[in-house]
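*Asks:* Based on what follows, work out the 3D shape:
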Amino acid sequence: MNRVVITGMGVISPVGNDVGTFFDNLTRGVCGIGPITRFDTAACKVKVAAEVKDFDPEAAGIDRAQAKRTDMFAQYAMAAAIQAVADSGIEGTVAPERLGVYVGSGIGGMQTFVQETEKLLNRGPSRVSPFFVPMMIGNMAAGNIAIRFNAKGPCLPVVTACATGSHAIGEAFRAVKYGHADAIIAGGAEATITPLAVAGFTNMKALSESEDPNAASLPFDARRSGFVMGEGSGIVVLEAYEHAVARGAKIYAEICGYGNTCDAYHITAPEPEAVGAANAMRLALQEAGYDGEKLYINAHGTGTPMNDRVETLAIKKALGEDAARAALVSSTKSMTGHMLGAAGGVEAVVCAMALREGVVPPTIHLDQPDPECDLNNVPNAAVKADPAFAMSSSLGFGGHNAVIAFRKIK
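*Replies:* As a prediction, this is how the structure comes out:
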């Protein structure tokens, strides 16, 4: 079996469109949430979101013709993948049949779906784009990335709602570990800040209705009332350790464990006793051989009343009370919003950077801690902590739980 390491990373996010800017803004507590600009919110209860800013497909390496034929979620994925592949230096060092792509999306081409539906209703079926289907389907980010980089190995787009990015990276980790590929481009992407998606999440009471960007995404805070929709993409290049060392690659961190479970309880609500989430954490820690190293946990931390309480309980059950209280826990969704299928990808980048830089980003706006969320949730200011181990949890609608474990490279 192979050790698996991260040799390249790319990010498109509400707080920066490259890894350096992204992580610097997180450690400085920059909030990426603001008034929705994509559509008129006059009739909407929800007025804020965490939008990607200043995204230019051509500047990101996507030509104009391709951009016109590609939904925004796939553009974000491609832009982040271009960054990650360039960062890794992997091109030309691995046979096409040994290079894979595991990039998923929780929802896929929502913007295209809405636009083409409007054409159908207002102008008739003859006006629907011939690119509608390939732009809308959720596997197309992975397909386009594979085409771009001639990746002819395993290609697996995962769809597990908010756990998508973490499951994609976890499954890619397993594929490299067991020798099915030498390297895999992995992560998630999402672009759903549309009237239809916002209305749907609003009417199921999932979103915060605060109009104050600084009081909307409040993980672990007693005032929390729902998540804030975000968007973007997080992509990593996973590579067999020996392959990376042989070519002199830069290594950010080692991925050493993965847990994949299901609550089998409810379509949206987490199981109240956190059995499935805790088990996913245990599985990741066991596979990693975790032995009490200084631990950073990038929590799912959505800012919904149920998630944050249940996730706190899961951490305690997985680690034990004493180890849970010794861990540093933060939710970067307090700054990025909830990027849905992209969340696990960008949060894997956070974990790798926290290990590499020795800095744990904060949970901002955590001013009234909930007594039921009583771990060290790193309130409001980054901590210089030099963790040796990190864990990222992603808990999706449908009861999907994905947990990835990382170790500082030695």
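*Asks:* in the stretch 251-400 of the chain, which spans are helices?
*Replies:* Using DSSP state H, counting those that start in this stretch, the helices of the stretch 251-400 of the chain run over 275-288, 305-319, 321-326, 333-336, 343-357.
*Asks:* in the last one, what counts as buried?
*Replies:* Read that as helix 343-357. Neighbour-count burial for helix 343-357, counted by 16 or more other CB atoms under 10 Å, picks out 343-357. The way it works is simple: take the backbone N, C-alpha and C, and place the C-beta from them, glycine included.
*Asks:* Looking at these, which one is closest to Gly187?
*Replies:* Each of the buried residues of helix 343-357 was scored against Gly187 by CB to CB, and Gly345 proved nearest at 3.2 Å.
*Asks:* From Ala288, how far off is the closest residue to Gly292 other than its chain neighbours?
*Replies:* Nearest residue to Gly292, sequence neighbours excluded (CB to CB, 6 or more residues apart in numbering): Ala323, at 6.9 Å. Using CB to CB, to the nearest Å, Ala323 is found at 14 Å from Ala288.
*Asks:* Likewise for Tyr76?
*Replies:* Taking CB to CB, one finds Tyr76 at 30 Å from Ala288.
*Asks:* Looking at these two, which is more packed in?
*Replies:* Tyr76 (34 against 21; other CB atoms under 10 Å).
*Asks:* List the buried residues of the helix or strand hosting that one.
*Replies:* Using DSSP states H and E, Tyr76 sits in helix 72-88. Using 16+ other CB under 10 Å as the test for burial, helix 72-88 gives 72-85, 87-88.
*Asks:* Ok, stretch 213-231 next?
*Replies:* For stretch 213-231, by 16+ other CB under 10 Å, it's 213, 215-221, 224-231.
*Asks:* Quick check: buried residues in stretch 177-190?
*Replies:* 177, 181-190.
*Asks:* From Ala240, how far off is Val5?
*Replies:* Computed as CB to CB, the Val5 to Ala240 distance reads 8 Å.
*Asks:* Compare these two (neighbour count), which wins?
*Replies:* Neighbour count, other CB under 10 Å: between Val5 and Ala240, Val5 has more, with 28 against 23.
*Asks:* three-state assignment of the more buried one?
*Replies:* strand (DSSP: H, G, I helix; E, B strand; the rest coil).
*Asks:* Who are the contact partners of it?
*Replies:* 238-241, 244, 251-255, 409 (CB atoms under 8 Å, 6 or more residues apart in numbering).
*Asks:* Please tell me how far the most centrally placed residue in the chain sits from Ile404.
*Replies:* In the chain, the residue lying closest to the centroid (CA atoms, centre = their mean) is Ala343, at 2.0 Å. Ala343 is 12 Å from Ile404, where distance means CB to CB.
*Asks:* between those two, what contacts are shared?
*Replies:* Ser166.
*Asks:* Who are the packing partners of the helix holding Tyr76?
*Replies:* In this structure, helix 72-88 makes packing contacts with strand 4-12, helix 110-123, helix 140-149, strand 183-190, strand 232-240, judged by 3 or more CB pairs under 8 Å, 6 or more residues apart in numbering; DSSP states H and E.
*Asks:* Now do that helix against helix 110-123, angle only.
*Replies:* 150 degrees (axes from the mean of the first three to the mean of the last three CA atoms, to 10 degrees).
*Asks:* What is the distance between helix 72-88 and the centre of its chain?
*Replies:* Relative to the centre of its chain, helix 72-88 is centred 14 Å away, using CA atoms, centre = their mean, to the nearest Å.
*Asks:* relative to strand 232-240, how tilted is that helix?
*Replies:* Using the same axes, to 10 degrees, helix 72-88 lies at 40 degrees relative to strand 232-240.
*Asks:* which other residues reach the next helix or strand after helix 72-88?
*Replies:* Note on helix 72-88: by DSSP H and E, the next helix or strand toward the C-terminus is strand 99-104. Strand 99-104 is contacted from outside by 77, 81, 90, 138, 141-142, 145-146, 149-160, 164-165, 167-169, 171-172, 175, 180-189, 235, 341, using CB under 8 Å, 6+ apart.
*Asks:* among the helices of the stretch 251-400 of the chain, which is nearest Thr363?
*Replies:* Going by CB to CB, the one of the helices of the stretch 251-400 of the chain nearest Thr363 is helix 333-336, 5.0 Å.
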